[in-house]
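# Next come a sequence and a model predicted from it.
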Amino acid sequence: MPVRKIVNINEALCNGCGDCIPKCHEGALQIIDGKAKIIKEMYCDGLGACIGQCPQGAITITEREADDFDETAVKEHLAKIDVKKEDKKPQRPVWPVQINLLPLEAPSFNNADLLITADCVPVACPDLHEKLMPGRRIMIGCPKFDNVQEYATKLGEIFKRNNIASITVAHMEVPCCSGLKWIVDKAVEASGKKIPVKSYTIRIGGEICE
């Protein structure tokens, strides 16, 4: 494998803002699990047009072993992206979203990536729709005013009856809201399944933190 210059992303600094994505004219970068990542080394030309767009200073150029830049592959990749954009239709929201109203079984749960969020989060976090919601089935509840044990029991039954691919939890940084992660952990345990869970804390100022 040749040694060449290629973009390096410091995930500890990257906050997933996505400012770098439009500047990558080869389509090499995507936001995955809240971080900017190179999807294939052959798509990155190593010129670093994306560097100046990162407000966190998370992107640098490094020299290491990497697949050769493949201009033909890039053209094919960009063509596929353009087709997807043309074919993409606005998705209708899946209702209901309130945990107390959710059915125990539904087609929308099949192989679904779930976002289970406290009800304050969509109001407090302006970046939620762009960074955490895309591609995920939304479930909303309040661990302070609703019965947490009932939540855990119901979600556990949903996880048990349906093929859930992954769970993302988003809660405010206040103590009463952190109970949402406890609810999800108990529900996964009760389901008897191994479902990957990732948790995000939303700061009072609206920032998303892992």
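Received, thanks. Numbers count the residues shown, from 1 in each chain.
# C-terminal to the lowest-mean-pLDDT helix or strand in the chain, what's the next element?
Counting by mean pLDDT, DSSP states H and E, the chain has its least confident helix or strand at helix 71-87, which shows a mean of 75. Note on helix 71-87: by DSSP states H and E, the next helix or strand toward the C-terminus is strand 112-118.
# Run me through the strand neighbours of that following strand, direction for each.
Strand 112-118 pairs in its sheet with strand 137-141 (parallel), strand 164-172 (parallel), by DSSP bridges.
# what ranges of this structure fall below the confidence cut-off?
Scanning the chain for pLDDT under 70 picks out 82-93.
# Can I get the helix or strand in which residue 64 is found in PDB? Just the C-alpha atoms.
Assigned by DSSP H and E, residue 64 falls within strand 59-65. Below are the C-alpha coordinates for strand 59-65, written out as PDB (Å, rounded to 0.1, in the frame of the first residue of the first chain):
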ATOM      1  CA  ILE A  59      -9.000  18.200  10.300                       C
ATOM      2  CA  THR A  60      -5.300  18.000   9.300                       C
ATOM      3  CA  ILE A  61      -3.300  16.400   6.500                       C
ATOM      4  CA  THR A  62      -1.200  13.400   7.400                       C
ATOM      5  CA  GLU A  63       1.200  11.200   5.500                       C
ATOM      6  CA  ARG A  64       0.600   7.500   5.900                       C
ATOM      7  CA  GLU A  65      -0.200   4.200   4.100                       C
END
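# what packs against that strand?
If you count contacts as 3 or more CB pairs under 8 Å, 6 or more residues apart in numbering; DSSP states H and E, strand 59-65 packs onto strand 3-9. (C-beta placed from N, C-alpha, C; glycine too.)
# where's the helix or strand following the strand it packs on relative to the chain centroid, distance-wise?
As assigned by DSSP H and E, the chain's next helix or strand after strand 3-9 is strand 29-32. With CA atoms, centre = their mean, to the nearest Å as the basis, strand 29-32 stands 10 Å off its chain's centre.
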